[in-house]
Each structure stands twice: as C-alpha cells, then as structure tokens.
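Trainee: here is my input, please return the structure:
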Amino acid sequence: MAQELGYEQITGTNYLRGRDGWFEGFTLQASSYGNDFFYINYGVAVPNLWEPFDKEIEKDNLGYLISNRLHDNHDQGFPGRTKGEIERSAGTALLRYQEQAVPWFESIKGLVDVAERFYEHNGLDYSKPGQYTPTQILGVANYGLLLFKAGNLPNALEWLSEAERLYSLDEDLEDYEVEQQETIRNVIKLSQSA
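Mentor: A predicted model of the protein is given here:
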C-alpha cells in the first residue's frame, strides 16, 4: 500500500511523503484491546517545529499535529488475524485511504492550511490570546510556531507572546519547559526584528 501511494517507510509502522514544509503520513497501529484488528492513522507532521532554526530533519521523530483514523467496518479496524485477512484488509485499506485520506491531504495546500486546521482541531477558537489557561500552553505555542513557519509573523508574535505569558505563570517549570520557553523567546525576538 505504501509503495503504491508513494510513501517512504520511516519506521516499522510509520510512512511519510514530503510536502512543501511539512509531511503527510500514515501509521499502522495494533489494537490495544487484544483483538485481531489493526488501525491506520493518517496525519500531518511539521518538522523542527520546536527547533525552528535547525535545518536537519529527523523523520523518525515526527509526530502528527493533526490526524484522523481511517474508517472501515464500523470503526472496528481492519481484520488481521490471518495472512488472508491481512491481504484482504490491505486492499480495503487502500480503497478507504483513497476515499478518505487523499482528499483530506489534497485540501491542505501549505503551512497556512496546516496552521488553520491545527487551530480548529485543537479548539483554540473558543477563546483569544490573553484568556487561555496554562493547561492550553502547548496548543497555543504550537499554533504560534506553525504561524511562524508559515510566514505569518504578526499573528505568530501574538500567539507566541500568549505562550510566553502562560509559561511565566508557572514558577516551577520542568527542564524541558524551560527549553520550550527559551525557544518561544528566541522566535519572538526574531519575529519582532523582522
């Protein structure tokens, strides 16, 4: 299926295809309920979102910012108990992928669309900068970084400033959060000087 669709295998279960500044991909997932089904998740990954000044891309560490699950068989997944079931499921999955995932990916024209889908997918539209709480910090920061990567510096600055405000509310940041805050500050400085 992956070869037929033009995807590169990155890990044993993860497949990607490069787009302009982002990747589309799909991941195979075994059922967590102990049954013989498997699932196919598809989504969008943006490289170096938290390392916006790095040029090297580590494809094997990319996670999806927005994603969906391929639907078949009333959301029970694809049968995979026997080799025959797996072969039939692969054919069905290819059809469902072309029906569901391909049009979804084709509707995303660039990083501006990725940012807007992220905004909608993560419920950021219910409030506005200055009114978010610390529990929403990653969504706010990711959206600001997506806007930055999309070249929308005025809006990126607004959202990254909100992320900085949220980070500053916590006096006991973990080490990784301090690194995230420093990234946000660096991107803010660059956005202000542009």
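
Trainee: which stretches in this protein count as helices?
Mentor: Taking DSSP state H to define them, one finds helices in the chain at 2-5, 83-96, 102-106, 111-121, 137-149, 153-168, 175-193.

Trainee: name the residues of the third one that are buried.
Mentor: Of all the residues in helix 102-106, those buried under the rule 16 or more other CB atoms under 10 Å are 104-105. From N, CA and C alone the C-beta is placed, and that goes for glycine too.

Trainee: residues making contact with it?
Mentor: Outside helix 102-106, the residues that touch it by CB atoms under 8 Å, 6 or more residues apart in numbering are 24, 42, 68.

Trainee: over to the first one?
Mentor: For helix 2-5, contacts defined as CB under 8 Å, 6+ apart pick out 8-9, 15, 17, 26, 94, 97.

Trainee: now do the last one
Mentor: Surrounding helix 175-193, the residues in contact under the criterion CB under 8 Å, 6+ apart are 50-53, 141, 144-145, 148, 153, 156-157, 160-161, 163-164, 167, 170, 173.

Trainee: check stretch 44-55 too.
Mentor: Contacts of stretch 44-55 (CB under 8 Å, 6+ apart): 16, 21-25, 57-59, 62-67, 108, 111, 114, 117, 142, 145-146, 148-149, 180, 183, 186-187.

Trainee: pull the contacting residues for the residue nearest to residue 85 when sequence neighbours are not counted.
Mentor: Leaving out its chain neighbours, the residue that sits closest to residue 85 by CB to CB, 6 or more residues apart in numbering is residue 79, at 4.2 Å. Applying CB under 8 Å, 6+ apart to residue 79 gives the contacts 36-37, 73, 85-86, 88-89.
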